[in-house]
Every structure is written in structure tokens, then in C-alpha cells.
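Asks: just to be clear, the model below is a prediction. Sequence and coordinates:
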Amino acid sequence: MKTLARLSLFAALALGCGREEPPARLPSSATAEPAEARNAAAAENAGVREVPARPARPAAPADIPAPPDVAAPPADAERTESGLASKVLEAGTGDRHPGPRDGVTVHYSGWRAENGELFDSSVRRGRPASFTLDRVIPGWTEGLQLMVEGEKRRLWIPAALAYEGRPGPQGMLVFDVELLSVNAAPETPDNVSAPPRNAERTASGLASIVLEEGEGDRHPAATDTVRVHYSGWRAEDGELFDSSRSRGEPASFRLDRVIAGWTEGVQLMVVGEKRRFWIPAALAYEGRPRGPQGMLVFDIELLGIGDVQ
């Protein structure tokens, strides 16, 4: 029987469980092991039970001192109507700002303004963090959109835009953030609401169309491990609920440990192929307490078979 994987932070994000505790709450999951967390997101959306372990992290700084202005933003800080304050520490290299649904990869450190306590840092862990801006605390959603790639900025986030009333570090929080890269959110397909007439259909109710032909004639078996890029939308309203492309890294998992629509559908593909699937609820999360409901639409690119690193 296929069961859901234990939820990592990104798995919870991908499943549309509401705005999650972002950078400040990442140390034990997503930012601690970005690749593992990204695989977990795909795993959860596909119903995977297990995610391969990742290698040990390299050594990183043992401690990072609080900024001298951690207690309050300086007079020359930029301020927004929401109460967010920020200051550019180092100018970026481009002019593109991430949108509210784009994925970003960042390095960051976070302190409590009240006492300068460092409560989280991707720099200290030696690995950047990746996430989508619509799944983080409002201060991050707003603040990161002010930045461009390569920029370093200090954010003073008032409690109301952070964890007020929720588990997490309380009061005003201060983050030093370096925006390493932006991954644009994929656009919703025009035919997301229903498969077109020319779609292939199987006896189970799965429908699909080939978006780009692949190479060779080898199809994965149900017991194979596959490496994919994918994006998933709810057919009902076109909501993007998860995308490996937004996170900037493919996902890998075994096909016999995913929802039925993925197990069946990916076996139709060959390496290099891109295909759009309309997965009926009965082949997805129907009857499960967590997971996007109704018919789901996935764009999947099969990158490899049995080549998980």
C-alpha cells in the first residue's frame, strides 16, 4: 500500500498547507539539506514513502556575530507601508526582482532584535536554502521581492510580519540575506482545467499529451528510480502547488512509491520526454487528509532512469 512520506518543511509547503514557518524554521529540514528537502517535496506530491539520504555537509562557521544595528533599523533604512525596514549591504548584479510565486536560492542569517541571539543561519550550516516566496512569512515574501540576484540586504521584520501568534522566534527579527538566484514560477497551462480531445487516455482515467519527444525507446519500470523536473497545478483553479523548477533542482524517487497517477504515467515516458498529465482524484490524493485535492495537472520531464546521485 502506498503511503505518504514523512513531511519535511518543503513537503508541507508543496502540499499547500498554508504559509509555513520559513527561513527561521528551516534548520532541521529544508535549509539543513536542500537537495534532500527538494526531493522530499517531490516525494510528498507523488506520495513517496522514502527519500534518499544526502552526503554530510561541509564545515561552516561556528558562529556569526549579530550586526551592530540589530536592535533597530538605522535612520537611512528603507521602509515600506507594512513596517518592513531594510538596507542594501551589497549591490546586486542584475535588475530582475523575484515575483511572489518565484523560487529563490539564498544564504541568510537571522537574529532576534531583542537580544541579538542568532537563531538560524544557512551560512553556519554551509548550504544555501531554496524555497518559493509564496510559502514563507510575509516579511520574507515582501523583502526578497525588493532584491536582485547577487544583492545582500539586511531586513528588520516586525513581529506582525514574522511569527506573531505562531511557533517560532518572537518579536522583531533581523535577517542578512544574499539572493543567489531566482527561478521563475512556471505559467499555468491554458488547458489546465481539462485534457484536450487529442490527449492519450488509459483505462484508469489518466490523460496525457506529449509536449516534447524524448530519446530512445526505454521506458522506466514501476520499480525503477527516476529523476525528473516537474510542476503541478490544481485543475479546478489552476493553482500551482509545487514545482521542482521553482526550487531549481530536479527530484528523484522510485515509481512504485508514488501516487498511482505518477506510477502509471511516468512509465509511458522515455528519457528526455516532456509530457503533461491530467491525473483524476482517484489516482492522486482522494480520501487522504493531506494533499492537493481534485484532478491534478503535472508537466513532467523525465531526465534519467536509475541515475540518482
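Replies: Looks like it came in fine. Model, not experiment: these values are computed from the prediction.
Asks: in the stretch 101-250 of the chain, which spans are strands?
Replies: 103-112, 118-121, 129-132, 152-157, 173-183, 200-201, 207-212, 225-234, 240-243 (DSSP state E, counting those that start in this stretch).
Asks: model confidence over the fifth one, on average?
Replies: Throughout strand 173-183, pLDDT has a mean value of 95.
Asks: can you check the fourth one too?
Replies: For strand 152-157, the mean per-residue pLDDT is 98.
Asks: compute the inter-axis angle for it and strand 173-183.
Replies: Angle, strand 152-157 to strand 173-183, by axes from the mean of the first three to the mean of the last three C-alpha atoms, to 10 degrees: 130 degrees.
Asks: ok, back up a step: would CSV of the strands of the stretch 101-250 of the chain with mean neighbour count and distance to residue 83 be doable?
Replies: For glycine as for every other residue, the C-beta is placed from the backbone atoms N, C-alpha and C. Converted to CSV, the strands of the stretch 101-250 of the chain look like this (neighbours: other C-beta atoms under 10 Å; distance: least, C-beta to C-beta, whole Å):
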stretch, mean neighbour count, distance to residue 83
strand 103-112, 23, 17
strand 118-121, 19, 20
strand 129-132, 26, 22
strand 152-157, 23, 9
strand 173-183, 21, 12
strand 200-201, 12, 52
strand 207-212, 16, 44
strand 225-234, 22, 33
strand 240-243, 23, 29
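Asks: so which of those is nearest residue 80?
Replies: With C-beta to C-beta as the criterion, residue 80 lies closest to strand 152-157 of these, at 10.5 Å.
Asks: bridged to the residue nearest to residue 220 when sequence neighbours are not counted, which residues?
Replies: What sits nearest to residue 220 in space, not counting adjacent residues and going by C-beta to C-beta, 6 or more residues apart in numbering, is residue 305, at 4.7 Å. When assigned by DSSP bridges, residue 305 has beta-bridge partners residue 226.
Asks: my guess is residue 305 contacts residue 271, does it?
Replies: Yes: contact criterion C-beta atoms under 8 Å: residue 305 and residue 271 qualify, at 6.2 Å.
Asks: shared neighbours, the two?
Replies: The overlap between the contact sets of residue 305 and residue 271 (C-beta atoms under 8 Å, 6 or more residues apart in numbering) consists of residue 218.
Asks: mind checking pLDDT for the residue nearest to residue 141 when sequence neighbours are not counted?
Replies: Distance criterion C-beta to C-beta, 6+ apart; nearest residue to residue 141, sequence neighbours excluded, is residue 133 at 5.0 Å. Here the pLDDT value assigned to residue 133 is 89.
Asks: next one: residue 232
Replies: Here the pLDDT value assigned to residue 232 is 94.
Asks: who's the spatially most central residue of the chain bridged to?
Replies: For the chain, residue 131 is the residue whose C-alpha lies nearest the centre (C-alpha atoms, centre = their mean; 4.2 Å). Here residue 131 sits in beta bridges with residue 104, going by DSSP bridges.
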